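okay, predicted coordinates and the sequence, questions at the end:
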Amino acid sequence: MAEDKPWVLISEVGDEGFHEDVVDILKQHFHLICLKEFLKNPVLHGPKIQAMLMWNYSPAAEPSLLSCLPSLKVVANGGVGIDHLDVPYINSLGVKVANTPGVVSDATADMAMALLLASARMVVEGHLISVDPKTTHVSQSLMGVEVTGSTLGIIGMGHIGYKVAQRSKGFNMRILYHNRNRRSVEDEQAVGASYCEKLDDLLNESDFVVLVVNLTPETTGLISHRELSLMKPTATLINVSRGLVVDQDALVKALKSGTIRAAALDVTHPEPLPRDHPLLSLPNVLITPHTGTNTHATIRKMVHLMSTMFISSQSSPAAFKGFTLVMPAVAVGNVGQLAVDLLVSTLNMSRAGYFHTDCLIPMAGNNPYASCKEDAEELHTPAEVYTAAELKLAVLQMRAPIIQTRSKKFRQQLVSWIKASGFSRTVVLSSSHSYQRDDQQLQGTPLRYLITPSLLTASADALKELGWREMERIPAFPGVKDADAEPRLCIPGGGITKGLYTDSCDEDLPLAVLLLFCSEGDNIPDAFTLVNHLNDWLHLLDSQSQEPNSKWKVPTSWSLLFGGGIPPALF
Ligand SMILES: O=CC(=O)O
C-alpha cells in the first residue's frame with residue numbers, strides 16, 4: 001500500500017545524512033524527501049511532510065523550517081541525546097519529539113571501553129610507530145597503564161553507564177558510580193558496583209573516569225578545574241556523553257600540567273573542534289569524531305526504531321513485515337500480560353510506539369520496566385508495542401481492560417492493524433478458568449492451543465514435535481446427545497480470545513492461541529509456565545538454564561503486584 005506511506009523529510013542519504021545501509025528500511029516505511037529537494041519548493045512539499053527524521057543533528061529543527069511543515073507530527077532523532085532540540089518549542093507546535101534510547105546503549109558502551117583501553121595501552125601511539133617509515137627498532141619506552149584490577153568511576157549510571165559497568169566487570173575492575181539516584185541493590189551486585197553519593201569521592205579514587213550523562217543544565221560544565229584537580233595524576237578522563245559536560249579550557253590546562261594523565265574523548269564542543277584548538281595538539285589526548293553509535297547493526301536498529309514509531313490502528317504501512325506478534329488476551333489472572341512482561345524485560349525490547357484505540361479503558365502509569373528513577377518517570381499507556389528487531393519479534397502489551405461494549409470494534413481494529421503491519425504470525429497468550437473445564441479438559445497438562453488454518457500448514461510439524469493438546473470443543477448441551485449440535489469452543493474468562501480466534505479464521509489471518517487453565521490468585525507461576533511454553537516454540541532465549549524460570553528477567557513493576565510495597569527509588 002505504497003500510497004499509505006507517510007512523507008518524511010531527511011537531510012540526505014550519504015556523507016552527512018543517513019548511511020546507504022539503512023535506506024532500505026527507510027524506503028520500506030516512508031516516502032523520503034531530502035532537504036535539498038524540499039528547499040526547491042517548500043510550498044509544494046511542506047504540507048505532505050508528517051515527520052522529520054534527524055540524523056547527525058540534521059535537518060536542524062529551526063523555526064524557519066518547521067513553519068513550512070504544517071502537517072508535521074513528529075521530529076524523530078537518531079540517537080538518544082536530544083540536547084540540540086528545543087523540545088518545549090517543538091511541542092508547542094503540536095509536534096512530538098522522539099529519540100532512540102536503548103538501541104544505542106551497547107555500541108556506546110563498547111566505544112567507552114575502546115577509548116579506555118586505547119588510551120591506557122597507547123594503541124594509537126603504538127600504531128603510528130609501527131607504520132612510521134622511519135621506524136627501525138621498537139623502543140621499550142611506550143608504556144601504558146594497567147586496566148585489569150584498576151578502579152573505574154562511572155558518572156551517570158543509566159542504560160549506557162550500566163553497560164559500561166557490565167563490560168568492566170570482565171576486566172576485574174573495582175567499579176564506583178555516581179548517579180542522581182542509587183541503583184537497586186540487585187543491579188549493583190550484578191556488576192559489583194559501589195555507589196558514591198559524593199562525586200568528589202569517585203573522582204579521588206578512580207583510575208579511569210567515564211562520563212555517560214545526558215547534557216542538561218546540571219551536567220553542563222560538570223567537570224571543570226576543581227573536579228579535575230580532585231582526580232589522580234595517573235587518571236584518565238573518558239567522555240562519551242556530550243562535549244559541554246567538560247570545561248574544555250580546564251581540561252587543556254589539566255592535561256598540560258599533568259593534573260591528570262590523559263583524556264579520551266568521543267565528543268567535544270564544537271564537533272569537529274576548530275583545527276587550531278589546543279586539545280588537538282596535546283600528546284595525551286585521544287579524540288574520535290562522535291562515532292559511539294557507528295556500527296552497521298546499531299544504525300539499522302536506530303533507523304528501525306525511528307521507522308516503527310509511526311503506528312496507528314487506522315492505517316499503517318507494513319512496518320513489521322515478517323515479524324511475529326505476541327499479545328495477551330486480557331483474561332483470567334492476567335497471565336498473558338504477565339508473560340508478555342517477562343518477554344519485554346528479558347529481551348530488553350524497545351518501545352516502538354503505542355496502539356491508538358478508544359476501546360480500552362484509558363490509563364497511564366509509570367514505566368513498568370524501569371531500572372532507575374529517570375526511566376520510571378516515562379509515561380506508559382494501555383496498549384504499547386515493543387520490538388526486538390533482531391528476533392523479528394514484536395509484542396503488543398495491554399494494560400487495561402477492554403470497554404465491554406467495544407470488544408467487537410477492538411477486535412476489528414486489531415485484525416486490520418495486524419494485517420496492515422505485515423506480521424507473519426500472531427500468538428495470543430491467554431487463560432481460561434480452571435474450574436470450568438469439562439472432563440476431557442481435565443486430562444493432561446493445563447496448556448491448550450488453537451491455530452487458524454492459515455498458520456497450521458506452516459506450524460504443523462512444530463506443533464507435532466511439541467506434543468501440545470488442542471483446545472477441546474465441548475458439547476453445546478452437555479449431557480444431551482444431539483447428533484446435530486456441533487461441539488463448540490468455550491473459553492470462560494478468556495476475554496477476546498474466542499472472538500479474536502474466530503475473526504482470524506474468517507479473515508484468513510495466521511494466528512495461534514496458547515492458553516493455560518488457571519485460577520485467579522498469584523498467577524506469576526502461570527505466567528512462567530506460559531512463557532516457557534512459548535519459548536519452547538519460538539526459541540526466543542538461547543539459555544538452557546537448569547532452572548527454567550531463572551532465565552527470565554522479572555520487571556520492576558512486579559514488586560507491586562501482591563502488596564510488596566512501593567520501591568522508594570521509583571516513585
Ligand atoms: O550521541 C549519541 C546519541 O545521542 O545517541
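Now that the structure is in, tell me what you want to look at.

residues from the chain in reach of the ligand?
By Cβ under 6 Å from any ligand atom, the part of the chain that sits against the ligand consists of 79-81, 104, 292-293. All C-beta spots, glycine's among them, are computed from the backbone N, C-alpha and C.

please redo it, this time with the cut-off set to 8 Å
Residues of the chain lying near the ligand by Cβ under 8 Å from any ligand atom: 77-82, 99-100, 104, 108, 240-242, 267, 290, 292-293, 302.

residue 370 - nearest residue in space that isn't next to it in sequence?
Nearest residue to residue 370 in three dimensions, chain neighbours excluded: residue 376, at 3.7 Å (Cβ to Cβ, 6 or more residues apart in numbering).

and for residue 58?
residue 11 (3.9 Å).

report the contact partners of the one you found.
17-18, 34-35, 54-56, 58-59 (Cβ atoms under 8 Å, 6 or more residues apart in numbering).

number of nearby residues for whatever residue of the stretch 101-250 of the chain ends up closest to the ligand?
Using Cβ to the nearest ligand atom, residue 104 is the residue of the stretch 101-250 of the chain that sits closest to the ligand, at 4.4 Å. Neighbour count for residue 104, taken as other Cβ atoms under 10 Å: 24.

am I right that it is in contact with residue 298?
Yes: using Cβ atoms under 8 Å, residue 104 makes contact with residue 298 at a distance of 6.2 Å.

start to end distance for stretch 488-505?
Terminal residues of stretch 488-505 are spaced 15 Å apart (Cα to Cα, to the nearest Å).

buried set for that stretch?
For stretch 488-505, burial by neighbour count (16 or more other Cβ atoms under 10 Å) applies to 489-491, 493-501, 503-504.

what's the distance between it and the middle of its chain?
Remark: stretch 488-505 is offset 32 Å from the chain centroid, using Cα atoms, centre = their mean, to the nearest Å.

what does the pLDDT read for residue 469?
If you check residue 469, the pLDDT there is 94.

separation between it and residue 437?
12 Å (Cβ to Cβ, to the nearest Å).

please name the nearest non-neighbouring residue to residue 549.
Residue 549 sits nearest to residue 528 (Cβ to Cβ, 6+ apart), 4.6 Å away.

got the CA coordinates for stretch 443-459 in CSV?
Output of stretch 443-459 as CSV, limited to C-alpha atoms (Å, rounded to 0.1, in the frame of the first residue of the first chain):
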residue,chain,number,x,y,z
GLN,A,443,-6.7,-34.5,31.3
GLY,A,444,-3.1,-33.8,30.5
THR,A,445,-1.3,-30.6,31.3
PRO,A,446,-3.2,-27.3,31.6
LEU,A,447,-1.8,-26.0,28.3
ARG,A,448,-4.0,-25.8,25.2
TYR,A,449,-3.5,-24.3,21.8
LEU,A,450,-5.7,-23.1,18.9
ILE,A,451,-4.4,-22.4,15.5
THR,A,452,-6.0,-20.8,12.4
PRO,A,453,-6.0,-22.8,9.2
SER,A,454,-3.6,-20.3,7.6
LEU,A,455,-1.0,-20.8,10.2
LEU,A,456,-1.5,-24.6,10.6
THR,A,457,0.3,-25.5,7.4
ALA,A,458,3.5,-23.7,8.4
SER,A,459,3.4,-24.9,12.0
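
residues contacting that stretch, please?
Outside stretch 443-459, the residues touching it (Cβ under 8 Å, 6+ apart) are 425, 434, 441, 463, 468-472, 489, 501, 504-505, 508-518, 529-530, 533.

torsion angles phi and psi at the residue nearest the centre of the chain?
Central residue check for the chain by Cα atoms, centre = their mean: the C-alpha nearest the mean position is that of residue 350, 2.6 Å away. Note on residue 350: backbone dihedrals following degrees, to the nearest 10 are phi -90, psi 140.

quick one, helices of the stretch 401-550 of the chain?
407-421, 453-466, 497-506, 524-538 (DSSP state H, counting those that start in this stretch).

looking at the ones you listed, spot the one closest to residue 192.
helix 524-538 (28.0 Å; Cβ to Cβ).
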